[in-house]
Each structure stands twice: as C-alpha cells, then as structure tokens.
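Undergrad: predicted model follows, preceded by the sequence.
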Amino acid sequence: METVVFFALAALAVGCALLLVLFRNPVYSALSLVGTLFSVAGLFVLLDAHFLAAVQIIVYAGAIMVLFLFVIMLLNLGSADPLDAIPGRFRQWAVIFLSAILVAHIGWMSLRHMRGGPIENEALATSNVPYIGKLLYTDFLLPFEITSLILLVALIGVVVLVKRESSKAS
Amino acid sequence: MSVPISYYLLLSAILFTIGVAGVLTRRNVIVIFMCIELMLNAVNLTFVAFARQLGQGDGQVFVFFVMAVAAAEVAVGLAIIIALFRNRETIDVGEVNLLKW
C-alpha cells in the first residue's frame, strides 16, 4: 500500500516538475510547481514528517506561490514569451546528457550502499510536532533566533529594493 | 513493508536535475527562480528521508530552517526582479549583461 502511494506521488512530482520546465507560459509553470510541492508534502507524510508536510503546504504552496503569481501578474507576463527560446540546440542536448549521467550515478550509489531498514524512533513518528518543537527550542535555539534575524533583514531589504526614489525625481 | 530510502534518494536526484536543467535552459528569470525552488525541495526530501532512516529529528529541523531561508530568498529575489523590470523593461537573463565580463 505504501509503495503504491509512493510511486503515485513520485510520478506526480516528476511529471509536474517536467511541465514546470517545459511550459512557455510562466503562469502554467507556477501552477505545475504547486503540483510538485503538494506531492512532496504527501511524501513528507509518508516519511512521518507531519509537521513539515503542513508547513510545506502553508508556506510554499500558500505564501511563496502567491508571491510568484503576484509578481507574474504585476509585471504582466501572463502571455507566452516569444523571447524565451533556447539559444542553440547543442546546449539542450548537453544538459539532458549531463542530467542523465547525474541521476544514473546517484541512483547507482544509493541502490548499492543504502540498504537496510530504518532505525525505529517511536517519538519521531507518533508525536512529531512536540518532538520537533523540543529540538527547535533546545538544541537548535541559536539557529532559530538567527532565522528570525534573516527574515527581518529580508523584510527591510525588500522594502529598500522596491521603494521608488522620490527625492531624485523632484 | 516501508519504501527503502534509496527510492527517495533517486526521486530527489531526478527532481534536482530537472531543476538544474530548467536553470540552464530557460531564459525567463521567474521560471529560473521557480526551478531553484524545485531544487530546494528536492534537497528537503533527502533531508527528511535520512531523518527517518537514522531515526533522528535533526534532519526535519534543518528542513524547517531551509524553508525559512527559502521564503526570505524568494522575497528578496522577486524584489530584485521588480527593480530590474522597472529599470530595464525586461526579465530575459540574456539581456541583463552589465556585470558580464
């Protein structure tokens, strides 16, 4: 049962990722990225990471994708972009060739060396949110606080970047 | 019978290389940005798979941090794209070559 769900979600994730790269229209690309994010959230549930699955849907599929769609529509890029052509046929084939080599290599290594079942951790699987919360506020307290600083700096940086310079115009 | 970790690693590798291929072939800045998000998600999947394999929560905490940094990165990057579009009237990476040697 779990294997069937895994393969369904994996096929959905890879298909949506391919559509993300292949669509000409950026709005369609954004929507297929939402599909990939949802299937990765499903895979998180399969891996007993319930908290991260919820965060994935709320933060990624909710906030970040809304931001992407907002910028696409603010800049009025909804129509297909004729400029978005790949320069040179050779480059496309080189990219596909290198990607195939990379995937084959990682797959071979993981299938060869990563055997054996998972180490059972009852607390991580059954009470996921308290476990993560306890880790976040004990062992990872300093990174957690630094993350809040990063978000503050990003907030100020965005405002500075997007603000129009009014003194120069007058 | 749970799914072995090597399947998750292989899926993550496939998603990551699709993201790399998108970054290398597309010229629309916003689509390149979305491909970077795809690569971040592939790495997150690897983190969570290893967290279950090793029975430790550290990997999941790291994914939480990656998501927070990704949100900050997206906000700053899209602000840069808006500023770029105001100044140059384009979002084609082939035409943004002022810093190119």
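TA: Received it, and whenever you're ready, just let me know what you need.

Undergrad: chain A: helices as residue ranges?
TA: For chain A, the helices defined by DSSP state H occupy A:2-22, A:26-46, A:50-55, A:65-74, A:89-113, A:122-126, A:128-137, A:141-162, A:166-169.

Undergrad: now those in CSV, with distance to residue B:71?
TA: Any C-beta I mention is one placed from the backbone N, CA and C, and that applies to glycine too. Output for the helices of chain A, formatted as CSV (distance: least, CB to CB, whole Å):
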stretch, distance to residue B:71
helix A:2-22, 19
helix A:26-46, 13
helix A:50-55, 10
helix A:65-74, 9
helix A:89-113, 27
helix A:122-126, 25
helix A:128-137, 16
helix A:141-162, 7
helix A:166-169, 29
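
Undergrad: so can I have TSV of those helices showing mean pLDDT and distance to chain B?
TA: Below are those laid out as TSV (pLDDT from 0 to 100; distance: least, CB to the nearest CB, whole Å):
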stretch	mean pLDDT	distance to chain B
helix A:2-22	92	4
helix A:26-46	93	5
helix A:50-55	92	5
helix A:65-74	89	5
helix A:89-113	79	4
helix A:122-126	77	5
helix A:128-137	89	5
helix A:141-162	93	4
helix A:166-169	58	13
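
Undergrad: generate a markdown table for the ones you listed, with distance to residue B:91 and mean neighbour count as supplementary columns.
TA: Formatted as a markdown table, the helices of chain A follow (distance: least, CB to CB, whole Å; neighbours: other CB atoms under 10 Å in any protein chain shown):
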| stretch | distance to residue B:91 | mean neighbour count |
| --- | --- | --- |
| helix A:2-22 | 17 | 17 |
| helix A:26-46 | 9 | 21 |
| helix A:50-55 | 29 | 20 |
| helix A:65-74 | 10 | 17 |
| helix A:89-113 | 20 | 13 |
| helix A:122-126 | 43 | 14 |
| helix A:128-137 | 37 | 16 |
| helix A:141-162 | 15 | 13 |
| helix A:166-169 | 24 | 6 |
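
Undergrad: where do the helices of chain B begin and end?
TA: Assigned by DSSP H, the helices in chain B fall at B:5-25, B:29-54, B:58-88.

Undergrad: any chance of these in TSV, plus distance to residue A:21 and mean neighbour count?
TA: Formatted as TSV, the helices of chain B follow (distance: least, CB to CB, whole Å; neighbours: other CB under 10 Å):
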stretch	distance to residue A:21	mean neighbour count
helix B:5-25	4	22
helix B:29-54	7	22
helix B:58-88	18	18
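
Undergrad: for those helices, give me CSV that also has distance to residue A:141 and mean pLDDT.
TA: Below are those laid out as CSV (distance: least, CB to CB, whole Å; pLDDT from 0 to 100):
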stretch, distance to residue A:141, mean pLDDT
helix B:5-25, 29, 89
helix B:29-54, 19, 92
helix B:58-88, 11, 90
